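**Student:** From the sequence below, what's the structure:
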Amino acid sequence: MASVLICDDAMFMRASIRKMVEAEGFQVLAEAGDGAECISSYQIYHPDLVLMDITMPDMDGITATKKIMEIDQNAKIIIVSALGLQEKVFEAITAGAKDFVVKPFTQETLIQCMKKYV
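**Tutor:** Here you go, the predicted structure:
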């Protein structure tokens, strides 16, 4: 199955997402706690999918999304955030994200979204 990079500043959220995606057969290559770490991990691992939070320290997910898209225009990034405001969704999609999943979410919702892009 596809490989995944999880980017979220909350360790419990990374662990929760990891559990959900691994239960469905996805391989988690790495986790990152901020945007800069996410970019670095992307360059090392080249995952099939990136699950990206918006609100993170040092560099937010929208900025990180833009930078990853500069590195790889074929990157598949799904924003996973509690910030479901229409302007944030639009900003994320404009930055290059393929989709947006609003927290809290179910495993089924997340997996269905991920399967659209792999």
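**Student:** how about the helices of the protein, start to end?
**Tutor:** Ranges of helices in the chain, per DSSP state H, are 11-23, 35-45, 61-71, 86-95, 107-115.
**Student:** low-scoring stretches of this structure, by residue?
**Tutor:** Along the chain, segments meeting pLDDT under 70 span 84.
**Student:** Show me the residue sitting in the middle of it in space.
**Tutor:** Centroid-nearest residue in the chain, with Cα atoms, centre = their mean: residue 51, separated by 1.5 Å.
**Student:** got the contact list for that one?
**Tutor:** By Cβ atoms under 8 Å, 6 or more residues apart in numbering, the residues touching residue 51 are 4, 5, 6, 7, 8, 17, 21, 78, 80, 110, 114. (Each C-beta comes from the backbone N, C-alpha and C, glycine too.)
**Student:** Can you say which of the helices of the chain is nearest to residue 55?
**Tutor:** Closest to residue 55 of those, according to Cβ to Cβ: helix 61-71, at 7.3 Å.
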